[in-house]
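S.K.: A structural model of the following input is requested.
(chains A and B)
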Amino acid sequence: GENVEQHPSTLSVQEGDSAVIKCTYSDSASNYFPWYKQELGKRPQLIIDIRSNVGEKKDQRIAVTLNKTAKHFSLHITETQPEDSAVYFCAASYGDYKLSFGAGTTVTVRA
Amino acid sequence: NAGVTQTPKFQVLKTGQSMTLQCAQDMNHNSMYWYRQDPGMGLRLIYYSASEGTTDKGEVPNGYNVSRLNKREFSLRLESAAPSQTSVYFCASSQTDEAFFGQGTRLTVV
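M.R.: Presented below is the predicted three-dimensional model:
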């Protein structure tokens, strides 16, 4: 199967600063890399995703980059706001749309 | 449009008891999944069903069974609950890549 590692496990940033979360994966056949946001007590929800034929994707204040050679991908959040505080999970798809998740990063945005 | 609906939302079981977690989706998705979420471990795949009539093991299938009752419904059964199965369980469905999650079931085994 796939093994996804995610760093850091916690991240505290000042409002307005940027946040970066990094993930690595082990299976070179993985071809889909989503990022999920989970607020306290809620379900995970997709915020952005990237496929293996693309190196970078941006959606307003969030962006994801993928380096297939190095087998790592990153989430970038710019101009952070209090509502960005949540747990973020990276994942890699390893066939039949099964997802292997990282352990999660708890992001706290300080006002 | 309800998306993915799980029942129950909370459950307390005694060790050795059995129960079934129910999941239904109304998005006509082919694939459905059961994940468990434990602190510091992300979400781990228990079982999945790529299409109606098929089921396969994921990363952590021991102690669980599943049934894909029809295209809409995918249930997870604990035959003899153990404290190690205390967790939050999420059902999900997908048609291609994006997985849509249910609201979760918080299960405590005492």
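S.K.: from residue A:35, how far off is residue A:21?
M.R.: For residue A:21, the distance to residue A:35 (C-beta to C-beta, to the nearest Å) stands at 8 Å. Just so you know, the C-beta spots here come from the backbone N, C-alpha and C atoms, and that holds for glycine as well.
S.K.: tell me the centre residue of chain B?
M.R.: residue B:34 (3.2 Å; C-alpha atoms, centre = their mean).
S.K.: so that residue is in contact with residue B:77, correct?
M.R.: No. At 10.3 Å, residue B:34 does not count as touching residue B:77 under the criterion of C-beta atoms under 8 Å.
S.K.: what's the overlap in contacts for the two?
M.R.: Residues touching both residue B:34 and residue B:77 (C-beta atoms under 8 Å, 6 or more residues apart in numbering or on different chains) are B:21, B:64, B:66.
S.K.: with adjacent residues omitted, what lies nearest to the first one?
M.R.: Nearest residue to residue B:21, sequence neighbours excluded (C-beta to C-beta, 6 or more residues apart in numbering or on different chains): residue B:76, at 4.4 Å.
S.K.: what helix or strand is that neighbour located in?
M.R.: strand B:74-78 (DSSP states H and E).
S.K.: so how far is the helix or strand of chain A with the lowest mean pLDDT from its chain's centroid?
M.R.: When each helix and strand of chain A is scored by mean pLDDT, DSSP states H and E, strand A:99-101 comes last, with a mean of 93. A distance of 11 Å separates the centroid of the chain from that of strand A:99-101, by C-alpha atoms, centre = their mean, to the nearest Å.
S.K.: quick revisit: overlap of the contact sets of residue A:21 and residue A:35?
M.R.: A:75, A:88, A:90.
S.K.: near chain B at all, the helix or strand hosting the second one?
M.R.: Under the assignment given by DSSP H and E, the secondary-structure element containing residue A:88 is strand A:86-93. Yes. Part of strand A:86-93 sits near chain B under the criterion C-beta under 8 Å from any C-beta of the partner chain, namely A:89, A:93.
S.K.: helices or strands up against that strand?
M.R.: strand A:4-7, strand A:19-25, strand A:32-38, strand A:72-77, strand A:99-101, strand A:105-110 (3 or more C-beta pairs under 8 Å, 6 or more residues apart in numbering or on different chains; DSSP states H and E).
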